[in-house]
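Undergrad: need coordinates for the following:
(2 chains)
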Amino acid sequence: MEQISPLQMAYLLVIQRAVIMLALLPVVTYTPGGRDGWLASVLGTMLGMIPTWLGWKVTRLLPGQDLAQICEACLGKVVGKAVTVLYLGFFAMNAAVVLRQFSDFLTTAPMPETPTEFFLGLAALAAVYAIRQGIEVTARVTELLLPPLVLFVLAVLALGIKDMDITRLKPYVEHGWGAVFVGAATAASLWAESLIITMLAPLISNSRLMLRYALTAVLFAGFWLTLSALAAITFFSAPEAQVQMFPLYSLMRTVSLGDFLERMDPLFLGAWTIGSFIKLALLSYVSCKLLARILGLAEYRSLAFPMAFLGSVVALQQFQSVVSLRAFNDPRVLSILLLPFGILFPVLLLIAGRLRGLGGIES
Amino acid sequence: MPEGSRTDVRLRNRHALKEHLSDTPLNAVLQENLQMARAALGFADDLIVREFRLGPSGVVTAAVLFINGLAEATTVDDFILRSLTQAGQIPAAQAVPEAGAAFEYLKEMALSVAEIKEISTIGQVLTGILNGNSAVLMEGHERALLAGTVGWKTRPLSESPVEGVVRGSREAFTEDLTTNISAVRRRIRHSRLRVQKLTLGSLSETGVAIAYMEGLAREEILREVRDRLARIQIDGILESGYIEEFIEDHKWSPFPQIEHTERPDKVAAALLEGRVAIFTDGTPVVLLVPVVLVQFLQASEDYYERYPMAVVLRALRLMGVFVALFLPSLYVAIITYHQEMIPLGLALNIAGSRQGAPWPAFVEALIMEVIFELLREAGLRLPRPVGQAVSIVGGLVIGDSAVRAGLATPPMVIVVATTGIASFAIPAFGAAIPLRLLRFPIMIISAFAGLPGVTLAGILLAYHLASLRSFGVPYMSPLAPGDVTGWKDVLFRAPWWAMKQRPRQTAADTQRMADRVVIPRRRGNQ
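TA: Okay, the predicted model is just below:
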């Protein structure tokens, strides 16, 4: 039986949420005006705790069971399966998006002449290996790679300090609090993905600490994100930061220390690859696990290859280019799409569970 | 006759012989026993059978059997033959030798050898003498005595050429099992040091010993070691490597999951951490289980020199690992795909030297790395005086002329040489082998997929390492899964007085010293 520690779960949550958001900085891009992106990030982190907390509540309904089993126990066989299938679609689609983002970034920035399909296939094959190794190994790899990654990003941000101008943050709340909330909702809705904890819960060695670690992970990722948003805005000024495809990537290209430390973008490339890949592995693992539950299979490992293959096809066919991917990721659309998964379904499950008298006993 | 059935017959014969040897009881007639022993050994010329008569009147016929060279002739002379053939020795034998009387006298009074064992089958006689003992057989007795006369020639304890240190013990193991165990016992003089012997290899009958500290070694690890050793079925074990391949967890991984050493102090240190040592007769290499990856980056000197040095050295070694693994691939990737990442001055320099390069960076790197491995292999195999010549001809002459002829570029020579040196910085020779091997696939990936490919390869490597276990202990612990108390001895080494805990993943009892140790502090000058 696989087992992960609460700390490893927190690491997984951080890397799964933070790295992509760091690269794209949606809080800056999608907050009208962009200047209050950091404020939106702070608020969004607070709001982001809601789906995380709901996810934890759902796991308490039936301790030791995962999302698919809880759905079935609460909503009955048919409706429960239907909701599980929807969640499978949610996680699998997410995995496909990550796969596409990953390969698109690599073929836009460092290797423009390589076709997207090449990296897509390479990452998908590598993901098959990762899924088959199990979540325990993914958790260990995260534990190994996340701390240096965090340190590196923070160190590079620190190097940029001399070019940052704090006055670029002014005026605060230029477009009104409504605009800030739009950005915050964007950031918060992306946290719907923290529902993966409902799949990890049965594996966690000390489930009593789960909520504390999950919320700490959200806070930490939010802190990290806010710092990065602040750095991007003060470094580039809001209008410029908003049009950048990968604001932090550009920042790292420009940053230098004396004459000997410059061009730190390869390191960003490494951070991006690590973060995306682990997120891909995590989401694919969750998808395989859910599919195995839906099909009533005891083993999820045999699903790794077909799942990765389907995921690659979706990733290639669904989006014509980086632009359509960006359009899909537009949180004004996405947040409405994510709302049911982050809020609606968990609440539904909680109500149904209560009606059936589940979750009364704390283990 | 078809081939299959002939093999069957031969197998059956061999089997029958084995059965026959181990179970046939000794005969009361001396000559028949001697005949059986001679026949079983195929009338070997190095089997010495010395027949003699006991007692003043010589009524009892007896014989000593031993193998020339395995048993020490002087011991046999002084302590067996002389004490038995002295006149007037056996009072009971003056009468008709009653069953047992003469025998007991011999066993308890006459034989002045420390190690005596009573045996009753011809198989035991053979096993005994093949292990260097002498067998004493007597007319009219269905039992025999085995006297410990082991005296083959062994190499003395000498300095290890592979694991040298500046500070610390110079002693290294030899090929003799007993000597090796005693070397460890001399370092740990506690009754809790347990040694258990077993015999492996159906034909070589090699002695193998498991050593551990009672109460420190974890019970489940010990059980696993015993189980896995017991499952080994092979005809001969000539080196501990045979055992290693049988008992390791992941047979297909390039990474070693068992540590080997020639140093008694290293074995003692491992035992004190609750690990288990496996000694093999005939080789100075002792296996230590379980092992985690970071232990391959630790040298015994880290623990003998004061701790600040160990901190720096370990950082260096870690760097060495990365360089040995990734430097050629990074160079190839950057030269091929990401030229813009090189600072301008350096880029111009490299571009200048690559001006007339006849092949792409990847091909050049591949050729150079292969030649380097070739040189290393040749240097290892050749007799020492010639090895010097190879390094001069290979390294200096070929390297220099290759650059002059424009076949190789100077930056590539630097990269390859650095990689080679870096791989030597890893204290455990065996642990550097997978790095040397994995360099090539990563180079190929870098040629196709640039830096992202190298990163992806790195992640997959991390996945592989994180999935390994050595006797149930995760290979990347205490880094992942993380265990903060274990970090005191990973990337740096804490001072000895601060390492109050033994590694939790191996030791059953983790308290190394009392939690509050009084550290002598310097008082102010008074």
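
Undergrad: quick one, grab the pLDDT at residue B:93.
TA: Turning to residue B:93, the model gives it a pLDDT of 46.

Undergrad: no wait, residue A:284
TA: You'll see residue A:284 listed with a pLDDT of 94.

Undergrad: which residues touch it?
TA: Contact analysis of residue A:284 by Cβ atoms under 8 Å, 6 or more residues apart in numbering or on different chains lists A:92, A:95, A:127, A:130, A:131, A:304, A:307, A:308, A:311. C-beta: built from backbone N, CA, C; applies to glycine.

Undergrad: and stretch B:65-73, how far from the chain's centre?
TA: Centroid separation for stretch B:65-73 versus its chain: 28 Å, with Cα atoms, centre = their mean, to the nearest Å.

Undergrad: list the buried residues for that stretch?
TA: Judged by neighbour count (16 or more other Cβ atoms under 10 Å in any protein chain shown), stretch B:65-73 contains these buried residues: B:65, B:66, B:67, B:70, B:71, B:72.

Undergrad: which residues in the chain form strands?
TA: All of this is about chain A. Secondary structure of chain A (DSSP state E): strands at A:256-257, A:261-262.

Undergrad: oops, I was thinking of chain B
TA: With DSSP E as the criterion, chain B has strands at B:47-54, B:60-67, B:116-119, B:134-138, B:144-147, B:158-159, B:171-172, B:193-200, B:206-213, B:259-261, B:276-280, B:286-289, B:469-470, B:473-474.

Undergrad: do you know which of these lies nearest residue A:83?
TA: Nearest to residue A:83, of all the strands of chain B, is strand B:473-474, at 36.1 Å by Cβ to Cβ.

Undergrad: still on that earlier bit, ranking the strands of chain A by burial, who's on top?
TA: For those, the largest average neighbour count (mean count of other Cβ atoms under 10 Å in any protein chain shown) is found in strand A:256-257, namely a mean of 15.

Undergrad: mind listing what that strand pairs with, with the direction of each?
TA: Strand pairing for strand A:256-257, using DSSP bridges, gives strand A:261-262 (antiparallel).

Undergrad: tell me the mean pLDDT for the partner strand?
TA: For strand A:261-262, mean pLDDT rounds to 69.

Undergrad: ok, the residue nearest to residue B:220 when sequence neighbours are not counted to residue B:449 distance?
TA: If the residues on either side of it in the chain are set aside, residue B:220 comes closest to residue B:472, at 6.8 Å by Cβ to Cβ, 6 or more residues apart in numbering or on different chains. Separation of residue B:472 from residue B:449 (Cβ to Cβ, to the nearest Å): 36 Å.

Undergrad: quick one: buried residues of the longest helix along chain B?
TA: In chain B, assigned by DSSP state H, the helix with the most residues is helix B:429-467. Residues of helix B:429-467 classed as buried: B:430-432, B:434-436, B:438-440, B:442-447, B:449-467 (neighbour count, 16+ other Cβ under 10 Å).

Undergrad: what is the nearest of the buried residues of stretch B:65-73 to residue A:164?
TA: Closest to residue A:164, out of all of the buried residues of stretch B:65-73 and judged by Cβ to Cβ, is residue B:70, at 80.9 Å.

Undergrad: does the closest one touch residue B:128 like I think?
TA: No - counting by Cβ atoms under 8 Å, residue B:70 does not reach residue B:128; the two are 10.4 Å apart.

Undergrad: what is the burial count for the residue of the stretch 201-350 of chain A found nearest chain B?
TA: Here the stretch 201-350 of chain A gets closest to chain B at one residue, residue A:273, 4.1 Å apart by Cβ to the nearest Cβ. Counted with other Cβ atoms under 10 Å in any protein chain shown, residues neighbouring residue A:273 total 24.

Undergrad: pLDDT score assigned to it?
TA: 90.
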